[in-house]
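Chemist: predicted coordinates and the sequence they were generated for:
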Amino acid sequence: MLAKQKFSSKTSLALMLSGLVPFVFAIYYLENYDFEVGLAIFIHYSAIILSFIGAINWGRNINEKDPNVFILSVTPSVIAFGAMFANFPYQLQILTVGYLIAWIIDIILMYRDKGLYVYLAMRTLITTSVMYMHIYLM
């Protein structure tokens, strides 16, 4: 049953996990070389990924064309964009809340499409890891 679900391939899991590498690299860089440059890399990459997460839901809704899902899918991008105007550590706080909201949106949408259980489990693992890294830097 789980193997037949959407977004449950080994490739999708590998790609999700590889998305953590730039976060880890940025933390390593800011702790060992240049804090400001490493933090900028971390925050910019985080904002890009948060925007991408919203785009995933936009793409899944392209056939259904539910206006509410389109609104929900844009929300993470708006939060990520807003974080760019804040100062440290508020940028990290805003981005952390953005990831939490994106995860809640995925839970809400899962109830509409039961084929997303494995995707949600993977997203929970990744989101928890990313949120932890943001909190670690605060």
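Modeler: Sure thing, it's come through.

Chemist: center of the chain - which residue?
Modeler: Leu50 (4.2 Å; C-alpha atoms, centre = their mean).

Chemist: quick one: contacts for it?
Modeler: 76-77, 79-80, 95, 98-99, 102 (C-beta atoms under 8 Å, 6 or more residues apart in numbering). C-beta coordinates here come from the backbone N, C-alpha and C atoms, glycine included.

Chemist: dump the residues you listed into TSV; add distance to Phe23 as well.
Modeler: Listed next are those as TSV, based on distance: C-beta to C-beta, whole Å:
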residue	distance to Phe23
Pro76	16
Ser77	19
Ile79	17
Ala80	14
Leu95	11
Gly98	14
Tyr99	11
Ala102	15
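
Chemist: quick one: low-confidence parts of the chain?
Modeler: 1-9, 113-116 (pLDDT under 70).

Chemist: longest helix anywhere in it?
Modeler: helix 35-60 (DSSP state H).

Chemist: name the element Ile105 belongs to?
Modeler: Taking DSSP states H and E as the definition, Ile105 sits inside helix 90-110.
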